[in-house]
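Trainee: only the shape, not the letters, is given here:
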């Protein structure tokens, strides 16, 4: 599923349950602490996905521990992202010579919790959601927006090592092309020549899930 919104340079693996979870490296087990069994199973499965994706790039299996800000710490020369929600886990990785950063997110396709929208969406974004809902009431556009902003943050953090609030990124969803564009309200990373890096991405709703991805190439 996730591979449909990722470019060819990105290797991805997904799982719909924890039956295929492999053994954790010692460093990974240590970082789990006293996590509940459900959390530990999700943690193991998404790292199994990550190692299988690394193998597709020709990279040996390695521990994927939590680094600064909780972001995954990947092997040298690799960029990537992981996500999990009820009934879905996925990892996406690429060689850093090809891809600058990756952010992926998966959510259950349902309405956002009551009271969440004012914290994640501007007035203009909420108006956009109302318009999208009139066009296609079968899609929970608030959940698409939430997931898109999660992917933006996951792609943003490795480049900046800074927090990005939901309200500091304005997302415009294209309902016809399965894409979204992002306008940052804070200073972000730039390319040589001071051109701002754009955190645009893709989205997909299928099988009761919303998946989003931001992939920035070199």
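Mentor: Good, I have the coordinates. Since this is a predicted model, take the numbers as computed values, not measurements.
Trainee: please count neighbours and contacts with C-alpha atoms only from this point.
Mentor: Noted.
Trainee: domain map for this protein?
Mentor: For the chain, automatic domain parsing gives the domain ranges 2-105, 107-217.
Trainee: turn those into a markdown table, including mean pLDDT.
Mentor: Listed next are the domains of the chain as a markdown table, based on pLDDT from 0 to 100:
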| stretch | mean pLDDT |
| --- | --- |
| domain 2-105 | 95 |
| domain 107-217 | 96 |
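Trainee: could you dump those domains to JSON lines with mean neighbour count?
Mentor: Converted to JSON lines, these look like this (neighbours: other Cα atoms under 10 Å):
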{"stretch": "domain 2-105", "mean neighbour count": "18"}
{"stretch": "domain 107-217", "mean neighbour count": "17"}
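Trainee: relative to residue 178, how far out is the residue located most distally from the centre of the chain?
Mentor: Distance from the C-alpha centroid of the chain, by Cα atoms, centre = their mean, peaks at residue 193 (27.7 Å). Distance from residue 193 to residue 178, counting by Cα to Cα, to the nearest Å: 30 Å.
Trainee: ok, residue 100 next?
Mentor: For residue 100, the distance to residue 178 (Cα to Cα) stands at 22 Å.
Trainee: swap in residue 80?
Mentor: In terms of Cα to Cα, residue 80 sits 22 Å off from residue 178.
Trainee: give me the neighbour count for residue 218.
Mentor: By other Cα atoms under 10 Å, 10 other residues sit near residue 218.
Trainee: let me see the contact set for it.
Mentor: Applying Cα atoms under 8 Å, 6 or more residues apart in numbering, one finds that residue 218 lies in contact with 97-100.
Trainee: residue 160 now?
Mentor: The neighbours of residue 160, taking Cα under 8 Å, 6+ apart as the test, are 188-189.
Trainee: next: residue 25.
Mentor: So residue 25 contacts 62-63 (Cα under 8 Å, 6+ apart).
Trainee: so how far is residue 13 from it?
Mentor: Residue 25 is 19 Å from residue 13, by Cα to Cα.
Trainee: next one: residue 30
Mentor: Taken as Cα to Cα, the span from residue 30 to residue 13 is 24 Å.
Trainee: please identify the helix or strand for the spatially closest residue to residue 5 that is not a sequence neighbour.
Mentor: What sits nearest to residue 5 in space, not counting adjacent residues and going by Cα to Cα, 6 or more residues apart in numbering, is residue 202, at 5.9 Å. Here residue 202 is covered by strand 201-206, with elements defined by DSSP states H and E.
Trainee: sheet-wise, list the partners of that strand with their directions.
Mentor: With DSSP bridges as the test, strand 201-206 is paired with strand 179-184 (antiparallel), strand 209-217 (antiparallel).
Trainee: any chance of these in TSV, plus distance to residue 50?
Mentor: As requested, the strands paired with strand 201-206 are arranged in TSV below (distance: least, Cα to Cα, whole Å):
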stretch	distance to residue 50
strand 179-184	25
strand 209-217	16
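Trainee: residue 91: which of these is closest?
Mentor: Comparison of these against residue 91 by Cα to Cα identifies strand 209-217 as nearest, at 11.1 Å.
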